[in-house]
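Student: sharing a model prediction with you, sequence too.
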Amino acid sequence: MISHLRTMWLVFIHLFKKKVTIEYPEKRVELPPRWRGRIVLTKDPDGGERCVGCYLCAAACPVDCIALQATETEEGRRYPEFFRINFSRCIFCGYCEEACPTYAIQLIPDFEMAEYKRQDLVYEKEDLLINSQGKYPGYNFYNVAGLDAGVKEKGKGKDEEKPVDVKSLLP
Amino acid sequence: MTVMQHIWIVLGVLFVFLNIAAGLIWVERRLLAMWQDRLGPNRAGPLGLFIVLADTLKLFFKEDWIPPFADKWVFILAPAIVVASVLMGLAIVPFAPGIVVADLNVGLMFFLAMSSLGVYSIVLGGWASNNKYSLLGALRGASQMIAYEVFMGLSLMGVVMLSKSFNLTDIVAAQENMWFIVTQPVGFVIFFIAGLAETHRLPFDIPEAESELIAGFHSEYSGMKFGMFFIGEYLGISLISAMTVTLFFGGWLGPAFLPPVVWFFLKTFVFIGIFILMRASLPRPRYDQLIGYGWKLLLPLVLLNLLVTGAIALWLRS
Amino acid sequence: MSLVFYISSFVAILATIMVITRHDPIHALLYLVASFLAIAVTFLSLGAPFAAALEVIVYAGAIIVLFIFVVMMLNLGKETANQEKGWLRLRVWLGPSILVLVLLAEMIVVLLQPQPTAMPAAVVTPREVSLSLYGEYIIAVELVGFLLMTGIVGAAHIGKHKKKNLHRYLQTYPNLN
Ligand code: SF4
Ligand code: SF4
């Protein structure tokens, strides 16, 4: 009986405690920077597309909601011809971000993507591609890759050895 | 009192209490939320008050489904009984000197009679639904309410002894010098517990027990029929609170700077608040614990209370 | 008040007839409740509000609920209905009906006698009821008390059973317990 009354009193006290509710549309939620929300495709520091169309994200996606088609520029730089994410299936697991070798695909702290029509939840490349480097500023895949795609020449990268001349017999 | 006045009082009581019952939807949600460190419904209208309207509209427009396997007429009858019996019970509550629907000289008995009829809504609703969970809820409800009816009646007899009347106006008048909570604390506690069990409110909501019986006796109900159970529950809370105030807390009596009616409703709202606080804080007992608690603890206690009250009343008279 | 009396008595009789003729036991019990309520109103119109309230609390509010409680758990189906139909043979109901008809005839004769007294209209207060119960009829009250006590003792005896949820180890070696 006493413990019941004590419980009731303790619960009553909560009337005057600070409320934890955040009144959302007026006040914004503080999201941590690594929050897994809307997916974007980021760009290199020099403005080129980061995505190289390797399909790793599409393979990693547990719900198979990423669809893309890779193609190439004349310089031999790969990029996706189209890139489509169906957000009505995406579970925001972040596996695509982990799989991506070029830091192209990133999940950003934004969840306000509600739509009235389900079809509107299918994002095309224009919707996904943003003009920013996202969470990894200064990173450029072609600076560390061995490929010459107009960013640096072969063998000019940091810590990169000169390409081996296969036609020479010298070591 | 003229007939016209009488009709006004009846309409007034109906209006006020149906509104209180509807308003309690909002009050309960807000208070529960506050006690859980939330804010509760605060979007629709000022302070979220229009949630009442929204909820009622929603209930009205829901499909009013009668299951094909149910006993149709009993199924329809059950929700009506709960609202009717509680509203009838409200007829004998004196809100202020002269403002009472029926000043019966057996008012208290009438109240007990009406609250005992309320059990039919649960039993019949559960049986007519033809669903095992509903039936289990109905069985629990029946045994719980019959058991607690006994203590409810007995716990009030001390008050009757002290005021020497079954008439509620007389009972309030007898508390002019001292409220009965002072002389009958045990009676008050038992009446309040029995009232909780009669309205099958949390923590004594074992006929519904969402976590084990999927809402129990009203799991098959939808639309406005469910709404009737819903409103009936809130009306029951208001009735028990009003009766607690009348019987133990001096009814409309209070310092003269506020009119009697205001005092009455202020006190009633305090008890409604306590009802909601109990819901927020106490866990539901097991079914056998509830029944055992009633028969093994409350019954001897209430009989003892009766005995002592009678002895003291006789001693004071001699 | 006499109009109320006649209406409620009529309702009571009608409801009672419905009780007898219903097939579904729950419906029959519901009509029984209606009949009890009507009888309560009859009491009220005769100036016995206390008895009326008790009628509702005790009969309608508790006893019939227990009846319904039991019937609900019995789960009567088509089979029992057929079985009961078999019981309704001429040989079975002839005797009781003759006796009841005799009673009915007697009642009609009594009713047709000229009635010298009007309906009592004085209200019987709870105080008078209690005084007569604990004065004049104290023996009857005590006897009823005994009767109920035997019922309670019997029910307690039937309902009592030793709790036996021992661990199987203790069940094998009961003298350890
Ligand atoms: S977050 Fe998960 S589900 Fe969504 S696109 Fe990436 S891998 Fe697929
Ligand atoms: S987003 Fe990343 S993982 Fe997906 S195709 Fe482009 S480069 Fe590969």
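Tutor: Structure received. Ligands and ions are numbered 1, 2, ... in the order given.

Student: what helix or strand is residue 170 located in?
Tutor: No chain in the question, so chain A it is. Using DSSP states H and E, residue A:170 is not contained in any helix or strand.

Student: chain B was what I was after
Tutor: helix B:168-173.

Student: just confirm yes or no for that helix near chain C.
Tutor: No - for a cut-off given as CB under 8 Å from any CB of the partner chain, helix B:168-173 has no contacts with chain C; the smallest distance is 12.0 Å. To be clear about C-beta, it is placed using only N, CA and C from the backbone, and glycine gets the same treatment.

Student: and that helix, what does it pack against?
Tutor: helix B:107-117, helix B:132-163, helix B:223-248 (3 or more CB pairs under 8 Å, 6 or more residues apart in numbering or on different chains; DSSP states H and E).

Student: would you confirm that residue A:125 contacts residue A:82?
Tutor: Yes - using CB atoms under 8 Å, residue A:125 is in contact with residue A:82, at 5.7 Å.

Student: low-confidence ranges in chain A?
Tutor: A:171 (pLDDT under 70).

Student: select the longest strand from it.
Tutor: Longest strand in chain A by number of residues, with DSSP state E as the criterion: strand A:78-86.

Student: neighbours around the nearest residue to residue A:47 once chain neighbours are set aside, how many?
Tutor: Using CB to CB, 6 or more residues apart in numbering or on different chains and skipping residues adjacent in sequence, the residue nearest residue A:47 is residue A:131, 7.7 Å away. For residue A:131, the neighbour count with other CB atoms under 10 Å in any protein chain shown is 7.

Student: pretty sure residue A:131 is in a helix, no?
Tutor: No - counting by DSSP: H, G, I helix; E, B strand; the rest coil, residue A:131 is located in no helix; its state is coil.

Student: using CSV, write out the CA atom coordinates for the host helix or strand of residue C:18.
Tutor: Using DSSP H and E, residue C:18 maps to helix C:2-21. Output of helix C:2-21 as CSV, limited to C-alpha atoms (Å, rounded to 0.1, in the frame of the first residue of the first chain):
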residue,chain,number,x,y,z
SER,C,2,-51.5,3.0,-10.3
LEU,C,3,-50.9,3.5,-14.0
VAL,C,4,-47.2,2.8,-13.4
PHE,C,5,-48.2,-0.2,-11.4
TYR,C,6,-50.3,-1.7,-14.2
ILE,C,7,-47.8,-1.0,-16.9
SER,C,8,-44.9,-2.5,-15.0
SER,C,9,-46.9,-5.5,-14.0
PHE,C,10,-47.9,-6.1,-17.6
VAL,C,11,-44.2,-5.8,-18.6
ALA,C,12,-43.3,-8.2,-15.9
ILE,C,13,-45.8,-10.8,-17.0
LEU,C,14,-44.9,-10.4,-20.7
ALA,C,15,-41.2,-10.7,-19.9
THR,C,16,-41.8,-13.8,-17.8
ILE,C,17,-43.7,-15.4,-20.6
MET,C,18,-40.8,-14.7,-22.9
VAL,C,19,-38.5,-16.3,-20.4
ILE,C,20,-40.4,-19.5,-20.6
THR,C,21,-40.6,-19.6,-24.4
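
Student: show me what the longest helix seen in chain A is packed against.
Tutor: Criterion DSSP state H: the longest helix present in chain A is helix A:2-13. Here helix A:2-13 touches helix B:260-281, going by 3+ CB pairs under 8 Å, 6+ apart.

Student: can you confirm whether the helix it packs on lies near chain A?
Tutor: Yes - among the residues of helix B:260-281, B:277-278, B:280-281 lie within reach of chain A under CB under 8 Å from any CB.

Student: of the residues you listed, which pair is most distant in space?
Tutor: B:278 and B:280 (7.3 Å; CB to CB).

Student: ok so, going back, show me which of residue A:125 and residue A:82 is the more surrounded one.
Tutor: Comparing residue A:125 with residue A:82 by neighbour count (other CB under 10 Å), the higher total belongs to residue A:125, at 17 against 12.

Student: now the nearest residue to the more buried one once chain neighbours are set aside: how far from ligand 1?
Tutor: The spatially closest residue to residue A:125, leaving aside those adjacent along the chain, is residue A:83, at 4.1 Å (CB to CB, 6+ apart). Distance of residue A:83 to ligand 1, given as CB to the nearest ligand atom, to the nearest Å: 11 Å.

Student: helices of chain A, residue ranges please.
Tutor: A:2-13, A:56-60, A:95-99, A:125-128, A:141-144.

Student: look at residue C:166 and report its pLDDT.
Tutor: You'll see residue C:166 listed with a pLDDT of 65.
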